[in-house]
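Asker: here's my sequence, what's the structure:
(one chain, ligands or ions: 2)
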Amino acid sequence: MSLVLGAIADDFTGATDLANNLVRAGMRCIQTIGVPDHALDADDVDAVVVALKSRSCPVEEAVSDSLSALEWLQAQGARQVFFKYCSTFDSTPRGNIGPVADALLERLGAEQTVMVPAFPVNGRTVYQGHLFVGDRLLNDSGMQHHPLNPMRDADLVRVLAQQTPHPVGLLTHATLTQGGDAAKVRLAELHRDGVRHVICDTLDENDLNVLAESVADLALVTGGSGLGQTLPEVYRQRGWLAPVDNAGQLAVPNGASLVLSGSCSQATLGQVEHFLRFHEGFALDPLALAESDAQVEEALAFAHERLSETTPVLIYASAAPERVKEAQRRLGAAQAGELVERALARLAQALVGEGVGRLVVAGGETSGAVVSALGVAELRIGEQIDPGVPWTQTQVAGREAPLSLALKSGNFGGVDFFTRAFETLRGERPS
Ligand SMILES: Nc1ncnc2c1ncn2[C@@H]1O[C@H](COP(=O)(O)OP(=O)(O)OP(=O)(O)O)[C@@H](O)[C@H]1O
Ligand SMILES: O=C(O)[C@@H](O)C(=O)CO
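Answerer: Numbers count the residues shown, from 1 in each chain. Ligands and ions are numbered 1, 2, ... in the order given. Now for the predicted structure:
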């Protein structure tokens, strides 16, 4: 069987999130870090998710990286392409969701795609084109404070219309309740009206099932990882997938436990606070990092004294919105972010070299920086810790055994994620 799905993800944790859903739905899946420079041995792989760092970079770079990923996936024979972005539609009026989707459509010679950011199991739903996080509209969910791409409007038709010169339309929940054929008819009507991008309402798994059925023949689909839960079943019904048992089996983990957090999302802030009630942590401050390397040295010393297999150590820059704003005011948002990412990447490199074998990283940009510093090329996706976050394993220089790595999207995971992740890995609590 050849590659069924080729996905292009705009950040590393987002890529893992999609890969996790594909594996849980029975697809054999690998995640690559960046575009590989070699062909895939596709015999036992149904889906590849190419993880880029294109969410917050300049538009031209995001487009060019995404097109390189597309070219590679096409060369591997992917039947359908999935552009994965955040379930909170992280973007700015310049992009990068609109421009990347436009470029992919053009290169694929296609005229329409769907936008399905929803991930209902994690509380991301879309109704009348408005994105909700739990019971809050996107712009009232904490995302309005995001350090890199504050989301101040929940109306996705309006948000996307700023990012593309092409018409944006809506496929409503009312149509989805009439089933896949009705949805296809509506997509065709919108196509006739010249609508290139169709924001899709999605309230629950039923809507995701109907959507998967209606969009499996499109050259390009786009969205969060929710659609990854239901597309595999449609592929299976079409005979594109071989049956497999346990697509997510990993080797036995070993080594000390570490959490590195550069995410300032609300869920992560709660997880840091919860962790610090039971364990020690070391706080990084971008203002101190701007002065010298001393704080990184202190963090290393802190970790050296405490690293163990059973009790995780936390090093974090995660801070409340006021503190983030203050650092950004003094250093500039990009510079503050970069200082933190560089520090956490350096710590990951040093501490994995010194015996850390189980590593949780919180934050998409942060994960990108850490994974690049570790020279990770490919991840095998294993057991889920919480929806959207699996353990993965990878080979890194300086470690004979694989490194167990969990890349947590900022707003994902229960409040005790930073301790429970390690318990899950030891088989102490089923996921
Ligand atoms: N104290 C801080 N002050 C300013 N910026 C910070 C601070 N701590 C972290 N940052 C930066 O904020 C950004 C957080 O983005 P990141 O993608 O890692 O987390 P997230 O947005 O919560 O996660 P996700 O993208 O998965 O939702 C990073 O660039 C990080 O370096
Ligand atoms: O879709 C999501 O919410 C996540 O996979 C993600 O991309 C956050 O960085």
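
Asker: when you work out contacts or count neighbours from here on, use the C-alpha atoms and nothing else.
Answerer: Will do.

Asker: now do the buried residues in the biggest helix by length in the chain.
Answerer: The residue-count maximum for a helix in the chain (DSSP state H) belongs to helix 333-353. Buried positions in helix 333-353, judged by neighbour count with 16 or more other C-alpha atoms under 10 Å: 333, 336-349, 351-352.

Asker: can you check stretch 192-212 too?
Answerer: Neighbour counts over stretch 192-212 (16+ other C-alpha under 10 Å) mark 195-205, 207-212 as buried.

Asker: now the end-to-end length of it.
Answerer: 21 Å (C-alpha to C-alpha, to the nearest Å).

Asker: now swap in stretch 113-124 and tell me
Answerer: 20 Å.

Asker: quick one: contacts of that stretch?
Answerer: 85-89, 105, 125-126, 131-135, 196-205, 215, 218-227, 387-388, 412 (C-alpha atoms under 8 Å, 6 or more residues apart in numbering).

Asker: drop anything exposed from those.
Answerer: Buried subset of the contacts of stretch 113-124 (neighbour count, 16+ other C-alpha under 10 Å): 85-89, 105, 125-126, 131-133, 196-205, 215, 218-227, 387-388, 412.

Asker: next step: those restricted to helices.
Answerer: The helices in this structure, assigned by DSSP H, contain 105, 205, 215, 227 from the buried ones among the contacts of stretch 113-124.

Asker: among those, which pair sits farthest apart?
Answerer: Comparing every pair within these by C-alpha to C-alpha identifies 105 and 205 as the most remote, at 26.5 Å.

Asker: list phi and psi for whatever residue of the stretch 1-150 of the chain ends up closest to ligand 1.
Answerer: Using C-alpha to the nearest ligand atom, the closest approach of the stretch 1-150 of the chain to ligand 1 is made by residue 147 at 5.4 Å. Dihedral pair for residue 147: phi -60, psi -30, per degrees, to the nearest 10.

Asker: the one 3 residues further on now?
Answerer: In this entry, residue 150 is assigned phi and psi values of phi -60, psi 130 (degrees, to the nearest 10).

Asker: what's the nearest residue to it if we skip its chain neighbours?
Answerer: Take residue 150 and drop its neighbours on the chain: the residue closest to it by C-alpha to C-alpha, 6 or more residues apart in numbering is residue 144, 4.6 Å away.

Asker: give me the phi and psi for that neighbour.
Answerer: phi -70, psi -10.

Asker: ok, it touching residue 136?
Answerer: No: between residue 144 and residue 136 there is no contact under C-alpha atoms under 8 Å: 11.6 Å.

Asker: which residues do the two both contact?
Answerer: Between them, residue 144 and residue 136 share no contacting residue, judged by C-alpha under 8 Å, 6+ apart.

Asker: which residues touch residue 336?
Answerer: Here residue 336 is in contact with 286-287, 327-328 (C-alpha under 8 Å, 6+ apart).

Asker: these in helices, which ones?
Answerer: 286-287, 327-328.

Asker: these into a markdown table, with extra columns for pLDDT and distance to ligand 1?
Answerer: Listed next are the ones in helices among the contacts of residue 336 as a markdown table, based on pLDDT from 0 to 100; distance: C-alpha to the nearest ligand atom, whole Å:
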| residue | pLDDT | distance to ligand 1 |
| --- | --- | --- |
| 286 | 98 | 6 |
| 287 | 97 | 8 |
| 327 | 97 | 5 |
| 328 | 96 | 6 |
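
Asker: of those residues, which is the nearest to residue 395?
Answerer: Using C-alpha to C-alpha, these come closest to residue 395 at residue 286, 30.5 Å.

Asker: I'd say residue 68 and residue 35 touch.
Answerer: Yes: counting by C-alpha under 8 Å, residue 35 is a contact partner of residue 68 at 7.1 Å.

Asker: so which of the two has more stuff around it?
Answerer: Shown here are residue 68 and residue 35; by other C-alpha atoms under 10 Å, residue 35 has more neighbours (20 against 16).

Asker: what comes up buried for stretch 7-25?
Answerer: Neighbour-count burial for stretch 7-25 flags 7-25 (criterion: 16+ other C-alpha under 10 Å).

Asker: near ligand 2, which of these show up?
Answerer: Restricting the buried residues of stretch 7-25 to those near ligand 2 by C-alpha under 6 Å from any ligand atom leaves 13-14, 17.

Asker: so who does the residue nearest to residue 250 when sequence neighbours are not counted touch?
Answerer: Nearest non-adjacent residue to residue 250, counting by C-alpha to C-alpha, 6+ apart: residue 382, 5.7 Å away. Residue 382 makes contact with 20, 247-250, 390-393 under the criterion C-alpha under 8 Å, 6+ apart.
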